[in-house]
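1. Need coordinates for the below:
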Amino acid sequence: MAKATWNGVVIAESDRCEVVEGNQYFPPDAIKSEYFKASSKQTGCPWKGTASYYTLEVNGETNTDAAWYYPDPKPAANNIKGYIAFWRGVTVEV
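-> Next up is the predicted model:
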C-alpha cells in the first residue's frame, strides 16, 4: 500500500499505483480531492506527453504545483492516464 502525506495529512493512498521513472502514480480515486486545487501549470515530456498540475492546500498551508498527472498521455504512457504523482516535499511511502 503506497501512501502520500504532506503537512501531516494523508492525501493519497492505494495498493493500485503504477511506478514510472521511480515515481508512484496514484489512481484518481485514491486521492483526497478536498486537498487538491487545479493549477494552470503544464510541462511536457517527450514520451509521456503534457503534464498538468495540482496545488495542495492542507491545514492552511499551500504547496504549489506539488502533484502532476497526464490527462491525455502519449500511447507509451497510457497506463498512467489520470494518475497522480508527487514531489516538492510530499512524502510517499510504499
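
2. Tally up the residues packed near residue 64, please.
-> 13 (other Cβ atoms under 10 Å). In this view, the C-beta of every residue, glycine as well, is placed from N, C-alpha and C.

3. Am I right that it is in a helix?
-> No - remark: residue 64 does not belong to a helix; assigned using DSSP: H, G, I helix; E, B strand; the rest coil, it is strand.

4. ok, the residue nearest to it when sequence neighbours are not counted - contacts?
-> Computed as Cβ to Cβ, 6 or more residues apart in numbering, the closest residue to residue 64 that is not its neighbour in sequence is residue 55, at 5.0 Å. Listed by Cβ atoms under 8 Å, 6 or more residues apart in numbering, the contact set of residue 55 reads 36-39, 62-66.

5. can you give me the strands for the chain?
-> Here the chain has its strands, by DSSP state E, at 2-6, 9-14, 18-20, 23-25, 36-45, 49-58, 61-69, 84-86, 91-93.

6. my guess is residue 39 meets residue 57, correct?
-> No - using Cβ atoms under 8 Å as the test, residue 39 is too far from residue 57 to be in contact (11.3 Å).
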